[in-house]
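Enquirer: sharing a model that was predicted from the sequence below.
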Amino acid sequence: EAGVAQSPRYKIIEKRQSVAFWCNPISGHATLYWYQQILGQGPKLLIQFQNNGVVDDSQLPKDRFSAERLKGVDSTLKIQPAKLEDSAVYLCASSNPERPTQLQETQYFGPGTRLLVL
Amino acid sequence: GENVEQHPSTLSVQEGDSAVIKCTYSDSASNYFPWYKQELGKRPQLIIDIRSNVGEKKDQRIAVTLNKTAKHFSLHITETQPEDSAVYFCAASYSSGGSYIPTFGRGTSLIVHP
């Protein structure tokens, strides 16, 4: 079974530029999460989708961050415009498989996108 | 919202010793508590989890305990090995809309000296 895929793996941009990240969850996983992990800290949930609907986006800085999951599969996270403090690893995770043999709660993380804003 | 405190931030032990990492949470609605291990430059991976209807769970050298009344849960690693060295994160999750919404702790850097 293929894992969660993310691209790009690394991105360097200047402040005030825009950037987009892509995530492809594990096939059949209904729930998709985007996290921001700043160096030395735990993952911070930005937005959570259940299929193509938003479950929670209370910690998403909506003035500059946006995310979508139009067909309930792939998702993109965009930052526009970027700030220095956005430098972090952006992790995507998925969970809640349709097959009953897997635990619904277990999150499977992608490799992350490391963003550096100069 | 939920607030998760994790201690210690750094834990250094000798190979073969036990290691204990503690977390507290604030929201009594949280009912699922996973622990993740993250090696340097890699993605977090689930190592053990516990639900609120269980007080303790064990998987070989790893165990997790939960005290719902006190709102704290702990990770216990026995007979530590150098390959256990990593950052460990706890999380407290509550269910909403058919999925779980997690809040992570800040992490504990575990160093196991050979």
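Expert: On my side now, so go ahead. Treat the numbers as computed from the prediction; the structure is a model and nothing was measured.
Enquirer: what is the burial count for the closest residue to residue A:44 other than its chain neighbours?
Expert: Leaving aside its sequence neighbours, residue A:44 sits nearest to residue A:36 (CB to CB, 6 or more residues apart in numbering or on different chains; 4.9 Å). Any C-beta I mention is one placed from the backbone N, CA and C, and that applies to glycine too. Neighbours of residue A:36 under the rule other CB atoms under 10 Å in any protein chain shown: 21.
Enquirer: what helix or strand is residue A:36 located in?
Expert: Assigned by DSSP states H and E, residue A:36 falls within strand A:31-37.
Enquirer: residues contacting that strand, please?
Expert: A:23, A:25, A:43-50, A:55, A:67, A:69, A:75, A:77, A:86, A:88-96, A:107, A:112, B:98-99, B:102 (CB atoms under 8 Å, 6 or more residues apart in numbering or on different chains).
Enquirer: for the record, mean pLDDT for it?
Expert: Strand A:31-37 comes out with an average pLDDT of 95.
Enquirer: likewise stretch B:74-86?
Expert: On average, stretch B:74-86 scores 97.
Enquirer: equivalent analysis for stretch B:36-56, please.
Expert: The pLDDT scores in stretch B:36-56 average 91.
Enquirer: what residues sit buried inside stretch A:43-56?
Expert: Within stretch A:43-56, the residues scored as buried using 16 or more other CB atoms under 10 Å in any protein chain shown are A:43, A:45-51, A:55-56.
Enquirer: ok, and which of those reach chain B?
Expert: Taking CB under 8 Å from any CB of the partner chain as the test, chain B is in contact with A:43, A:45, A:48, A:50, A:55-56 out of those.
Enquirer: can you list which of those are found in strands?
Expert: Judged by DSSP state E, the subset of these located in strands is A:45, A:48, A:50, A:55-56.
Enquirer: run the chain-centre distance for stretch B:71-78.
Expert: Distance of stretch B:71-78 from the chain centroid (CA atoms, centre = their mean, to the nearest Å) equals 6 Å.
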